[in-house]
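Enquirer: Sequence and predicted structure below; questions after.
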Amino acid sequence: MNNINNLLTELGVDLAPYSGNQIHSVSPIDGQTLASLKADNAAHVAAKITSAHAAHLQWREIPAPRRGELVRLFGEELRTHKAALGQLVTLEAGKILQEGWGEVQEMIDICDFAVGLSRQLYGLTIASERPGHRMMEQWHPVGVVGVISAFNFPVAVWAWNAALAFVCGNSVTWKPSEKTPLTAIAVHSLFMKAVARFGSDAPAGLAELIIGNSDAGIAMVEDRRVPVVSATGSTRMGRDVAQRCATRLARTILELGGNNAMIVAPSADVEMALRAITFSAVGTAGQRCTTLRRLFVHDSVYDAIVPRLKKIYAGLPIGNPLEKTTLIGPLIDAQAFSNMQTALTTAKSENGVVFGGERAKVAGDGYYVHPALVEMPTQTPSMFHETFAPILYIVRYTDLAQAITWNNEVPQGLSSSIFTTDVREAEKFMCDSGSDCGIANVNIGPSGAEIGGAFGGEKDTGGGRESGSDAWKAYMRRSTNTINYSHSLPLAQGISFDF
Ligand code: NAD
């Protein structure tokens, strides 16, 4: 408890305004309650959106490069507090320290990206068919952006959205996972430090934090003053959010479940593939949206890969994620453990041969597991589901076309990869008829994206894109302007309308 209090103090968090008895932050490390908080009801949510809407009206008047300055200051706060915030992520979400710090680094990276972007919100100039006319496109702030985030990336997901949204001239309301409220409060507190340094140009209400369960998220999603909802979490949640937004014709950016595969081809660099498979499959204890869940290994390298993997798995250090040597921390809770055991039982009923998967003995009440490898005879029905735990199904293949078909056969379409040194195979995997995922990698695993690229996936993954490339456009409204600098009024398409 001392540890948590020290961290919160270091991060400038005062829990008093949040304390209550409805939302409990429980550390997956040992099952200890870190804090009990009150939940926002529908009236609180509406009031926060009112405040965010008023803030947006002021913020959109501030030039974008100046808005970038606020994000730059926030990035500085993150740099200063990286160690403490990363450790809080470890305490509340259970990921190992390296990954907790990595998550904060990802926030810093997107801040840097957004600062540059604040001078690059470019529109186009377009040729007009009419003489003495000019067409152009402008990008304007859209309003209040609602962000819903999941427990497994409790801080980075907000930053991917918020850093872009702020430079684009929007305000942001954030409903973090009810499993990780403390990290959200800490991020909010760091952002408010940046606001204080920035000065009075930053209106109160620019960033609003909503603490609560799914009902608080639903209240935000249904509010007509939120034109864009960016939701990260399960496909079940995304389907509900999409339907509610559709009834009021609001835009969504959906980042939902993944069921990611890797193909290991005959020419693969086996040592590199083994490292990539292990990190992608067991990192964050299999609780990343991009976690490797399905491995298709060519018959000719199967015996060079699978027995080695079993050896590696048997030696992986499982334990308290605060300890430097640990590589596999706990699952988030008892439900996650139970889901994993159910999935393994189903795999056995489909003639899967399971290696590992049992509960690991670690002091305290956390749910630690030995990551599981499951050799399957072919791609079976249970492999179509995302079980948020470290289960890696392995299937032998002989024909690349078959492996690509399996890659694409599942409902989800987030990330994928191939290990090959054959340029034809690599290009085949990335071409129009190759992987149907938002991310298709060559000679790296499916997990661990950089912020420079657009992040997201197709089908049940929701179709949204966040982070780099031109993802910023989703946080703005586009206006097309036609300007007539001539002395006549010709109509488009040559239409004559004389009177
Ligand atoms: P979850 O869907 O249970 O919860 C996510 C968030 O949605 C929480 O804040 C929750 O309160 C809120 N929520 C739930 N139902 C809602 C509703 N009907 N309306 C509004 N808000 C609602 O997900 P989780 O267990 O926290 O996270 C794990 C899932 O998230 C996995 O499926 C994982 O693949 C996915 N995920 C996807 C990405 C991505 O970028 N594609 C990133 C991280 C996690």
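Expert: Happy to help now that I have it.
Enquirer: Would you state the strands of the stretch 51-200 of the chain in chain order?
Expert: Under the criterion DSSP state E, counting those that start in this stretch, strands of the stretch 51-200 of the chain are mapped to 125-126, 133-141, 144-148, 171-175.
Enquirer: Now render the ones you listed as CSV, adding mean pLDDT, mean neighbour count and distance to C245.
Expert: No exception for glycine: its C-beta is placed from N, CA and C like everyone else's. What follows is the strands of the stretch 51-200 of the chain, written out as CSV (pLDDT from 0 to 100; neighbours: other C-beta atoms under 10 Å; distance: least, C-beta to C-beta, whole Å):
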stretch, mean pLDDT, mean neighbour count, distance to C245
strand 125-126, 97, 10, 30
strand 133-141, 98, 16, 19
strand 144-148, 99, 29, 9
strand 171-175, 98, 27, 14
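Enquirer: what residues are up against P154?
Expert: Taking C-beta atoms under 8 Å, 6 or more residues apart in numbering, we find P154 in contact with V89, E92, A93, E103, P176, S177, T180, T183, A184.
Enquirer: Excluding residues flanking it in the chain, which one is nearest the fourth one?
Expert: Excluding the flanking residues, the one nearest E103 by C-beta to C-beta, 6 or more residues apart in numbering is A156, at 4.6 Å.
Enquirer: Got the confidence number for the one you found?
Expert: Listed pLDDT for A156 reads 98.
Enquirer: what's near enough to touch it?
Expert: E103, V104, E106, M107, I110.
Enquirer: Which pLDDT does the model give E92?
Expert: pLDDT, read off for E92, is 98.
Enquirer: That should have said M1, apologies.
Expert: For M1, the pLDDT comes out at 53.
Enquirer: And G448, by the same measure?
Expert: The model reports G448 with a pLDDT of 88.
Enquirer: what do you get for A363?
Expert: A363 carries a pLDDT value of 86.
Enquirer: burial measure for it, as a count.
Expert: Using other C-beta atoms under 10 Å, the number of residues around A363 comes to 10.
Enquirer: for N407, same thing?
Expert: Look at N407: counted by other C-beta under 10 Å, it has 26 neighbours.
Enquirer: For it, which non-adjacent residue is spatially closest?
Expert: A261 (4.6 Å).
Enquirer: For the one you found, give me its contacts.
Expert: Neighbour list for A261: L292, R293, R294, L295, F296, W406, N407, V410, S416, S417, P446 [criterion: C-beta under 8 Å, 6+ apart].
Enquirer: I figured R224 hits R248, correct?
Expert: Yes - the pair R224 / R248 is scored as a contact, 5.6 Å apart, by C-beta atoms under 8 Å.
Enquirer: what about these two, which has more around it?
Expert: Neighbours per residue (other C-beta under 10 Å) separate R224 from R248, with R248 holding more: 12 against 9.
Enquirer: Report the contact partners of the residue nearest in space to the middle of the chain.
Expert: By C-alpha atoms, centre = their mean, the chain has its centre lying nearest to V157, at 4.9 Å. Contact partners of V157, counting by C-beta under 8 Å, 6+ apart, are V147, S149, A150, T232, E255, E466.
Enquirer: make it 10 Å
Expert: Counting by C-beta atoms under 10 Å, 6 or more residues apart in numbering, V157 touches 103, 106-107, 147-150, 174, 176-177, 230-233, 255, 289, 455, 466-467.
Enquirer: Give the rounded mean pLDDT of the longest helix seen in the chain.
Expert: What stands out as the longest helix in the chain, according to DSSP state H, is helix 97-117. Taken as a whole, helix 97-117 has an average pLDDT of 98.
Enquirer: So for it, what gets flagged as buried?
Expert: Neighbour counts using 16 or more other C-beta atoms under 10 Å place 97, 99-111, 113-115, 117 of helix 97-117 among the buried residues.
Enquirer: Kindly report the same for stretch 370-380.
Expert: Buried residues in stretch 370-380, counting neighbours by 16+ other C-beta under 10 Å, are found at H370, P371, A372, L373, V374, E375, M376, Q379, T380.
Enquirer: quick one: that stretch to chain centroid distance?
Expert: How far stretch 370-380 lies from its chain's middle: 26 Å, per C-alpha atoms, centre = their mean, to the nearest Å.
Enquirer: same check, this time on stretch 388-400
Expert: That offset, for stretch 388-400, works out to 23 Å (C-alpha atoms, centre = their mean).
Enquirer: all strands of the stretch 251-400 of the chain, in order?
Expert: Going by DSSP E, counting those that start in this stretch, the stretch 251-400 of the chain shows strands at 251-255, 260-264, 292-298, 353-355, 372-375, 391-397.
Enquirer: Quick check: which of those is buried the most?
Expert: Of these, the one with the most neighbours on average (mean count of other C-beta atoms under 10 Å) is strand 260-264, at a mean of 28.
Enquirer: ok, it: who's next to it in the sheet?
Expert: strand 292-298 (parallel), strand 415-419 (parallel) (DSSP bridges).
Enquirer: which residues are there in the stretch 1-150 of the chain that come within reach of the ligand?
Expert: The stretch 1-150 of the chain comes close to the ligand at residues I148, S149, A150, as judged by C-beta under 6 Å from any ligand atom.
Enquirer: Get me the contact residues on the stretch 201-350 of the chain for the ligand.
Expert: The stretch 201-350 of the chain comes close to the ligand at residues 213-214, 217-218, 221, 232-234, 237, 240-241, 255-258, 289, as judged by C-beta under 6 Å from any ligand atom.
Enquirer: PyMOL command for the buried members of the residues you listed?
Expert: Selecting the buried subset of those in PyMOL, with 16+ other C-beta under 10 Å as the burial test, is done by:
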select buried, resi 214+217+218+221+232+233+234+237+240+241+255+256+257+258+289
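Enquirer: Now, the residues of the stretch 201-350 of the chain next to the ligand that are in helices?
Expert: Using DSSP H, these in helices are S214, G217, I218, V221, M237, D240, V241.
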